[in-house]
Structures are given as C-alpha cells and as structure tokens.
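Peer 1: Predicted model and sequence follow; I will ask about them next.
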Amino acid sequence: MNVRSARRRAPSLMLASLLLTVCADADAPADPAALLTVRTLGLAYLEENRLPEAEAEFQRLVEMAPGEPLGYANLGLTYLRQGRLADAETELRHAIELLPSDPDVRLILVEILRSQERELEARQELEASLLIDSSHVKTLYALATLDADSTDAGPAARRAAQLERVVALQPGNVSARVQLVDAHLAAGAAEGASIHLGQIRQLVPEIPVEGRDLFEQASLAAQRGDAAGAQGAAFAFHNVMRTTPIYQQGLLELRGPGGVLLGFPVVTFSETLTPGVRDPETVLAALRFTDVTQTVGMPGPGAGGGRSLAVADYDGDGDRDVFSGGALWRNDPTGFVDVSTQAGVTGSAPDHALFGDYDNDGALDLFLSRGATGVLFRNLGDGTFEDVSAQLEVSLAGGAPLFIDFDQDGDLDLVVAGSLSTGMYRNNLDGTFTDVRGRAGTEAATGGVQGAAAFGDFDDDDDLELIFSGASTTSLFDNQRSGVFVEVSDARGLTPGSAGVVRVGDYNNDGFLDLLTAPRGGRGLVLHLNDGDGGFAVDERPTVLLEGAATLIIHDAALVDFDNDGWLDVVLVGESEDGGAGAIRLFRNSSAGRFDDLSSLVQGELPALRRLEFADFGDDGDLDLFVSAVDGSVRLIRNDGGNANRYLKMQLVGLSTGSGKNNHFGIGAKIEVRAGGLYQTRVVTGPEIHIGLGQHSRADVVRVRWTNGVPQNLFYPNANQSMIEEQILKGSCPFLYTWNGERFEFLTDLMWKSALGMPMGLMAQGGTAYAPPAASQGFVKIPGHALQPRDGAYELQITGELWEVFYIDEVELVVVDHPDSVDVFVDERFVFPEPNPPLVLHQVAEQRTPLSAVDGHGTDVLPRLLHADDRYVDEFLPDRYQGVSALHDLVLDLGAFAVDAPVELYLRGWIFPTDASINVALSQSETLGTIMPYLEVIDVSGAWVTAVEALSFPAGKNKVVVQDLSGLFRSEDHRVRIRTNMNIYWDHAFFTVGAVTAPIEVTTLQPVAADFHYRGFSELYRKGGRFGPHWFDYASVSMQSPWRPIVGAYTRYGSVLDLVSESDDIYPIMGPGDEITLRFDAAKAPPLPEGWTRDFMIYSDGWIKDADLNTADGWRVEPLPFHAMSEYPYGPSEVYPHPDIVRRYHTRAPTPMAVLGGGSR
C-alpha cells in the first residue's frame, strides 16, 4: 500500500503533538523551526488523507512564508484531491510563478488541463518545463503520451524521440522500453525497435510464457529490418506485459501512484527560503517517529512471538509487504491482508525469515528456518509461492540465513548458520543446490535460532567475507575465492564471544565496513572499527550510545541513516531493563565518533520487541521502522521529517540475458557515493538502496563495484535512480595498434591461446580444473595497408587496457611478400597452445562466394557475408550468460565443384566470449554449457552428419578461421552447416577450390627498440553497430584507470628490448594502462619486386591472466609463469627460474584506481 493514496483515518499522537507545538507559537514570527514543523504536520495529514487538516496547515504555511512555493504547491495538491480543480489551478499557478523551475508542480497543473481537454495548453506547459529542466522523466513521459493515440508516423516519431530520452534517464524502466518499441515500429524504425527489444530481454528476468514466442517473432523481424512484420507481434507482446509487476512498477515511476492526479507532494523547501530551514539542528528538531500501525492496518497479535520478520516487495507492485509469525501479509490499498494460504506459504512460525531472489528471475523468493530445518519457497511471479525444498537435491538446515554469491558466479547461494554447523549451499541455477560446506571450510561456524550471520567486503578486495555468531562465539571467515573460506577472527582482532545481533556498515564514512555486535537478549553492544586492512578495533568513543545500550535488553539492531544526513545511525529494539515494556532507542550519528540519544522522538507505549527492519514505507524519502513484538504483532513506526534532508534511492539491475555475471538485484555489491564533501559507502543487501545526502541537492557521482569486481560510475544521478549493469568488456588479451601511415589504429588482440588460471570445469572431487599452462605462441596477420614505415621503422603498440596482466616473452614481425595476384592468410582460430608452431600460409587467388547463406530460421544472410565490411550475421538471441546463446546455425551452399578438388573454407568474424566466473557457473549445472562450433555436411540420404567435430572459433576480434574441407563431402550437395550456441558473429565467408603455390618471400624482423611506459585507456566503441566487436580509438585516451589494481610487482618503465627479443622466460610484466612501443627496422625487409605486395604477421609468445574473481591467483601478478611449468597455478615443487630478473626488473607498483572518496577517521 502507498500511504499517499490511502483512504484510512486514525488518531495520531505525533500529529497532535506537532499541532500543539505550532498552535503554541501562533502569534510568534515565523522561524525556521516553525516552518519545518508546519511542513511536517501538513505532509503527515496529506499521507493519512486527512485533507481538511492538511489544507489548514498548508494555508498556515502560505501565511508564514508567502514567498515559498512549497505551501502553494501542496495546498493546490490538497485541493486537487478534494476535486476543487479551479482552486487547485490557482494555487499551482502561484507556486509556478514563484518557482518556474519545479517540474513536478507543473505536471500536476498539466493533469488538470488535460482533465478539462485543454490539450494545447498542457503541451505548452510541458514544453516550457523541458526548456528549464530537459531531463525530467515524468515531464518527458507526459509529453510522449500526448502523441500515444496517433498511429501516424509523424506523432509516432515524436513519441519515440521523447521515450528515447526517458529510457536514457531511466534505463531500467521496462514499461517505457516496451512503449518505445511500439513507437519505433509505428514510425517504421525497425533498427530502433530491435535495440530496445534486446534491452528488454536483458532487463526482464523472465518473460511470461504466453509472450515468449511473440517476443522472439518481433525481435527477429526487427533485426531483419522488417518493421511492419514485427509490429503485430510486438503489440501483442505489449499486451502480455501490461499486467506484469515489472511493467506496472515502471508505470508507477513514470506517472506516480494512481496517476499524476493523486500526485507527489513537494517535500523540500526552495533554495530561496531562509537558510535556517536547512540547518541540521533545525531539521532535527522537526523529526518525529510515530506509531501508525492502526492507520495502515499492520498485522495484529499472532503466532511466533515476533521471532521472525521480513519486509520486501514480493509481488512487485511497488509497496512493502511483510512476513511475520508464519504469515505473509500483502500490502493492499485498504490495508495489510493475510494471504498465506492463497500464496502457498503455510506452516508453523519460523525462527528466521529472509527474502531473496535465488533463481535470478527478479521475483523475491522466501527462506524460512523452522528449528533444525530450512524451507525454500520459490516465487512464481504471480503472487504465489511453491515449496521447492524437496526439489533442491539437498536437505536445508535451519538457522540464520544469508543469500550471498559466495563463489562469485552470478547467482545467489544460500548460507545457513545452524546450531552445530553452517550449511554452504551452492546454487547451480538449474533448480538445485549442492552443500559445499566441507570444501568451503566453514563447518565449524555456528549460528542457530538465536544466532546471526552477515557478509561484507571488510578487507576491500572485491570478495565477500562471512561473519557468524552462535551460542558461544563469533567468527569471521575470509574469502579465498573459488568458494573457499578461512577463519581469521583472531588475526583480524574480532572480539570473541557470542553476538546474536551482527550488523555491517561504514558508520564513520571512511570507505571501510565496520561492525556492530550485540548479544540477542542481553545488554550492551560493541562497535568494531575497521582499520582499513580488514582488521577491527573496539571503538570506545561513543559513550552515549554504549551507556544507553547497557540499559536495554537488546533483541535486534540496525545501522540506518534515519535523518538522511549521510551518516549511519544506530537503532536498537528490545525491552526495558525489567523485561517489561518494549523500547526503541535511536542514536543519531553526529560523526567524529559521537552518537546522540534521540529516543524521545519515538512516542507511545510498545510491547516487548524482537525484530527490526527498515524501509521507506510511504515512498516519501525517509526510512520507516518495522518492528515485531513478542505478542506476534508488527508495528510500523513512521518517520516524519527525515525527508527534510535530501536523499538518493537506487536499485541495481543485473542483466538477465547476455551477461550472467551478477545476481539480479546486485546483492553484495559495494556502492560509493560522493556529494560535495560527503562520501559514503554502502553494501547492497536488498533490492532497495537508500542513501541520505544531507542538504546536497544531488550526488555528484555514484560508483558501483559489482560482485564480479567490475566498477561502474554514474555521474549526477537522479533522486530515484535505477542503475543497470553495463556489459563491460573486462578481459580480451593485449591490444595491437599499428601505424597505417597517418595514425595508429586498433587492429586486433593478441595471445588468445593463453588463459592462466582460467577455470574450465569442476572435477569429481569438487575442485576446479584449469586451462593448460602453456604459453600462447602463434601468428596474427597484419594487412599491408595497416602497417607503413614511420621514420624508417615499422612501429607497433601493444597495450594493456583491461583487467589483466600480460607476460610477453617474445615478439617478432614477419614480413610476407607475395605476388599481388594472390592473398595470404594464417589460420587464426582458437586452439590449445602447442610449442613452436610453424608459420603456415594459405594462398588465395580466387575468393568464391557461396551460392546462398541462411540462418537456422531460413533468413537470407548472404549480403552480410559478401565482404569484410563489419556487417555481422546476428540473427540469434542471447541467452542468460555472456558468450552463450540459443543454438543457432549458419548454412552455406558452396555449389558445384569436382569431388576430388582441394577445398578450403574461410570465415572471418569475432567472438564475444564467456569469462572465468561464467565458466564456473556453467560447470555447476548439468543443463547449461557451451557447444563448440562444429561443421556438418549432407550425406546421400539428405541428412546432416558431422564432418568436423571441433571447428572452433575466431581467437578474438576479426580473426579468420581456415578449414580444409577436402574429402569431407558425402554427396553432391555441397552445403555445410555450422552449429553452435556460442556468440560468434561472422562478417565474411568465402571458399577456394584448387591449390595455389605462388612464390612467397618471408623475412623475420627482430625488434630494434622496445619502450615500456604508461599510456592509459583508449575510448571504447562498438565497430559495426551493436553486434560488432568492441573497438578502441587510440587518439582518445584517459589516463585514469577504471580497474582495481592487481597486486604485485610490475616491470619498471624504460627499455625492455632485451626482455622481448627471445623466448627465455624473461619478460616484461604489463598491467592495465601500460604500453610497449615496438620498432622494427624497415630497411631490413627486402625490396618488393614489381607486381608484388607486402603483408605482415606478428608472432608473439607469452601468457595472459585476467583478474576475474574466479581466475586462480587472478588478484595478483604472481606466481610468474615459465615454459616448463606443468600446471598453473603450480605447486611448491616448481619455481620460477629467474629470481635475479625479478629483483632487477620487476620493481614497480601497480597503477591505482581512480579515487572516488574515503574520509579520514
């Protein structure tokens, strides 16, 4: 239920108290405190729909501050809700006159105009508003809706333009994107529709069953450029989506609850008002907490003794529902309704309850702990749940639960801290779990009925640590990655002893997560201050807090910013010392280690309290408190006045398709926020993220460090902001740039055959199998036009720009001169590395084009394969994981040729690969995996049969696969079918018949100079459209690193010629931002005969290791690779053979990441 649209009325002690405060000063001059008090009182009345009382307060505010628009705006809104449209228009126009820059006030006026069919005036108001604030989402959407009823191309194009601006500002709004698809198709813009259909696929975790075929039909037609063919299916798909929670939630963000006519009140005073209303003490004086349990119809006394409480929007309708005492309470406009039976959540009252999206479908599932047994209910997305405990292939224990991605594979695993042991249930994302507690190393950790469990990245290394507290001890486990943990409690200085309450948060805003622990059912608490290295020291500075906690029997606690000032406060719930009445204690964080006792702000008597949750129940910008009581009831303690300070609301959205790297809601991610001098860090524990900004009008920058370690920045976010995971390329091997006679241009990537520490699958014993350790040795073609002499030398740049370390042992430039009547190629497909591969040149005199080329749907794709022109075959849809799609085909008809003729097939394209963490996720499931491309031919019966088991794939960007087809055909039908589920995008296909043996002269050049230095990071773009490879502009460079440093010693800058001239395990170590400039003496290449041309091959020998959190030792430079090692990582019996080289050359620290913030203690 959204209380702004409530129609319930009940007495309010807080309102009466505020009314007495205001009336007592009726004859006094207006002062800041009185203004804030009247504002708070009026908003409270408005929330409870007590419109006459709200009218009186806002009239009083107008009298007190006649130049302040807030009073007129909210008075107009009050009149609007009373149906007094003329009065509402008068007040709203007065507010607009005082503050024409406020778009929300103007939007309410627009709805009044539209309700009176004054459409032209409404459009004029909207356009005037956009001239002042061009990024106001609701205004843009309102303007787009004016053209929604027209089917003409002109209005449809206008509507599409406005909706494009909407989704740019709210990229996670599915409703806007679905409408945008319709607008693009109505305007005949198939490409635009195709782009947003792809985005919808990534944003919607699970498309309804009845809409899946419609979506695929629309998507494929739009990709083909067939707008008319896509329109019908897209319109039908839209109708399916209209009733889904994710669509309705998007509408709520665009229009407000019940449409704009109900409206959002203005809660913030204008900048023109006296600065006194923004004084922290004045703001604090107007803050109150009020028990509105009866007003909103919260659950009354029931079973369970208040032991469990969970608050979340399980049905996706935008409000907060409650599970408590064994019952599920849905938040409806008329109040909370017990829907346990109809929702399928039945059984005895649990000890613990936790919502979490374990299956990554965007719907919150529910875990319940009942004694020694755990129960998992899957949310079916229609308001009901299914008990799937018996389907999990593991028996869940009871205890304190956590949903956490402890193996960093993109899905939420389940941790249950039981009385005797802690269950570590690895999510296989196929509906099953595996108990890995033995391998994880957490068997000795305990929690139990009165226990607790929490997580956080305490040592700031991008993986999540676990903390458990049971009946006798509290334990901290450090994440060693790959799902393995080690207890470090003593080493990190964690105070021993039981703490049934454990809360995590950066309460001193220094960028490192601190701890609050307290004995559940006991007195006192401990604040553990993080020392910046993951260790803790007891913080004894906040004496008021510590003394206050000693007088309360504590049952739960929270670190929460209840006054929106940007500092985490402390809330304690329990009962008084004599074990009688319930108590809520509020301690405001005043920074500098001080907490002030504001418990008097909570009024009224309460029963003994057991559990505490917080959420913005009224969507008014401050956090309210939900508490469960020993009598089984749930109380809502509403925050009135916390929104006098400003705030940022966020929701992270992990991509549902084409990624698979992060869980849907980003649980476990770290968020950093900078607003002026205010810096904050938060760990994401639920779908909603609320960050106070004090009196800063907005945040300057938000940085999210996703659970896969990848950072993402957002500058100047809106107050209510979804942040969509970017499809960021974090690993791809070193880049090669060549001098083309005018500038350096990106050509391709190198050394694809090496993947040190890359997990390839799970072994029977539960361990991980890693990629072969051999060096990548091989050749890549450089076309002659791409490399021209510069000052007498051929000059190449090899750069490190992604989250990787490179060990480049040898580089040679091979000059290949040949008649211009032939072309030469090398096979650039991926194969596992072999030592000292020979240079095999394939000569082509005539490139034959296939007679036809179709995909698995029969779509003609031949025009995209005629030339190497960056027009890629893309008629397939991505699946959940990056690099994996639905099974798809490419069928080429090569036509007639002699049965005994030598035939070679040439395929040029690129691959968007999986990564280490995705490989881990795929290996855990029996139903998921990649299918290496294989090639089939037609036999005499007309059936497809496999002719090449492992065709493999292009090793990176725009590489050529050369496949010998001689003798492979089984009939005169010379069609070949290439089948895979990997994301391979072909750009050019041709074949040759017959052998060519033209004369070729090969000259190998050694580098004459190799300068190693820092360069930075090239601007990235997609070459050839959204299905083209990531490409890089050498001329546009940023000096700041976007990546977390990879720990270890790198090679000092300067000449590294002696390190790259020979394959000898002596090499430069490159990190992100580094560059080696290589020069080869052009004079040592022979003169070209007349009628000949020149191409090049670059030969490289070396290794790469990316920093993916599931790459073995990916977080550090060592262990250093060498050619004779038997595996990687290698064991203690093997040692890098040149320790003197390490001391001599590898002396440089890594390049630091761009700093966002972090205060000082």
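Peer 2: Noted; the coordinates are in hand. Owing to the predicted nature of the structure, the values given are computational and were not obtained by experimental measurement.
Peer 1: Which helix or strand in the protein has the lowest average pLDDT?
Peer 2: Between all helices and strands in the chain, the lowest mean by mean pLDDT, DSSP states H and E belongs to helix 13-24, at a mean of 38.
Peer 1: List the contacts of residue 1094.
Peer 2: Counting by CB atoms under 8 Å, 6 or more residues apart in numbering, residue 1094 touches 784, 815-817, 1085, 1088. C-beta here means a position set from N, CA and C on the backbone, and glycine is covered the same way.
Peer 1: rerun at 10 Å
Peer 2: Contacts for residue 1094 were tallied using CB atoms under 10 Å, 6 or more residues apart in numbering; they are 783-785, 787-788, 815-818, 820, 1001, 1003, 1085-1086, 1088.
Peer 1: Which ones among those residues lie within strands?
Peer 2: Among the contacts of residue 1094, the residues falling in strands (DSSP state E) are 815-818, 1001, 1003.
Peer 1: what bits of the stretch 1-150 of the chain have low per-residue confidence?
Peer 2: Residue ranges of the stretch 1-150 of the chain with pLDDT under 70: 1-30, 149-150.
Peer 1: domain ranges for the chain?
Peer 2: As assigned by automatic domain parsing, the chain contains the domains 3-264, 648-724, 730-759+769-819+998-1161, 846-995.
Peer 1: Can you show me the strands along the stretch 1001-1150 of the chain?
Peer 2: Using DSSP state E, counting those that start in this stretch, the strands assigned to the stretch 1001-1150 of the chain run over residues 1001-1005, 1007-1014, 1017-1022, 1030-1038, 1054-1055, 1069-1070, 1074-1081, 1092-1106.
Peer 1: Go through those and pick out the most buried.
Peer 2: Stretch with highest mean neighbour count among the strands of the stretch 1001-1150 of the chain: strand 1069-1070 (a mean of 24; mean count of other CB atoms under 10 Å).
Peer 1: What strands flank that strand, and is each parallel or antiparallel?
Peer 2: strand 804-819 (antiparallel) (DSSP bridges).
Peer 1: so how far is the strand it pairs with from its chain's centroid?
Peer 2: 37 Å (CA atoms, centre = their mean, to the nearest Å).
Peer 1: send the alpha carbons of that strand over as PDB?
Peer 2: C-alpha atoms of strand 804-819 as PDB (Å, rounded to 0.1, in the frame of the first residue of the first chain):
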ATOM      1  CA  GLU A 804      44.500  -8.300 -16.900                       C
ATOM      2  CA  VAL A 805      48.200  -9.000 -16.500                       C
ATOM      3  CA  PHE A 806      50.400  -9.800 -19.500                       C
ATOM      4  CA  TYR A 807      53.700 -11.600 -19.600                       C
ATOM      5  CA  ILE A 808      55.100 -11.000 -23.200                       C
ATOM      6  CA  ASP A 809      58.200 -13.100 -23.700                       C
ATOM      7  CA  GLU A 810      59.000 -12.700 -27.400                       C
ATOM      8  CA  VAL A 811      57.700 -10.600 -30.300                       C
ATOM      9  CA  GLU A 812      58.700 -10.800 -34.000                       C
ATOM     10  CA  LEU A 813      57.500  -9.100 -37.100                       C
ATOM     11  CA  VAL A 814      57.300 -11.500 -40.100                       C
ATOM     12  CA  VAL A 815      57.300  -9.800 -43.500                       C
ATOM     13  CA  VAL A 816      55.400 -11.800 -46.100                       C
ATOM     14  CA  ASP A 817      56.000 -10.600 -49.700                       C
ATOM     15  CA  HIS A 818      54.000 -12.200 -52.500                       C
ATOM     16  CA  PRO A 819      52.500 -11.500 -56.000                       C
END
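Peer 1: buried sites along stretch 234-247?
Peer 2: Using 16 or more other CB atoms under 10 Å as the test for burial, stretch 234-247 gives 234, 236-238, 240-241, 244-247.
Peer 1: I should have written stretch 732-740 there, sorry.
Peer 2: Under 16+ other CB under 10 Å, the buried positions of stretch 732-740 are 732-739.
Peer 1: Adding distance to residue 777, write the strands of the stretch 1001-1150 of the chain out as TSV.
Peer 2: Conversion of the strands of the stretch 1001-1150 of the chain to TSV gives the following (distance: least, CB to CB, whole Å):
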stretch	distance to residue 777
strand 1001-1005	14
strand 1007-1014	17
strand 1017-1022	26
strand 1030-1038	25
strand 1054-1055	24
strand 1069-1070	18
strand 1074-1081	17
strand 1092-1106	5
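Peer 1: Tabulate those (CSV), appending mean pLDDT.
Peer 2: Supplementary listing: the strands of the stretch 1001-1150 of the chain in CSV, determined by pLDDT from 0 to 100:
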stretch, mean pLDDT
strand 1001-1005, 97
strand 1007-1014, 98
strand 1017-1022, 90
strand 1030-1038, 93
strand 1054-1055, 97
strand 1069-1070, 96
strand 1074-1081, 98
strand 1092-1106, 96
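Peer 1: Run a quick neighbour tally on the closest residue to residue 1152 other than its chain neighbours.
Peer 2: In space, and not counting its chain neighbours, residue 1152 is closest to residue 1045: 5.9 Å by CB to CB, 6 or more residues apart in numbering. By other CB atoms under 10 Å, 17 other residues sit near residue 1045.
Peer 1: Can you name the residues that contact residue 1045?
Peer 2: Neighbouring residues of residue 1045 by CB under 10 Å, 6+ apart: 803, 1071-1072, 1107, 1115-1116, 1149-1153.
Peer 1: can you rerun that using 7 Å?
Peer 2: Counting by CB atoms under 7 Å, 6 or more residues apart in numbering, residue 1045 touches 1150-1153.
Peer 1: need the contact list for residue 429.
Peer 2: Counted by CB under 7 Å, 6+ apart, residue 429 has contacts 360, 411, 921, 925.
Peer 1: mean confidence score for the host helix or strand of residue 247?
Peer 2: Under the criterion of DSSP states H and E, residue 247 resides in helix 245-255. For helix 245-255, mean pLDDT rounds to 82.
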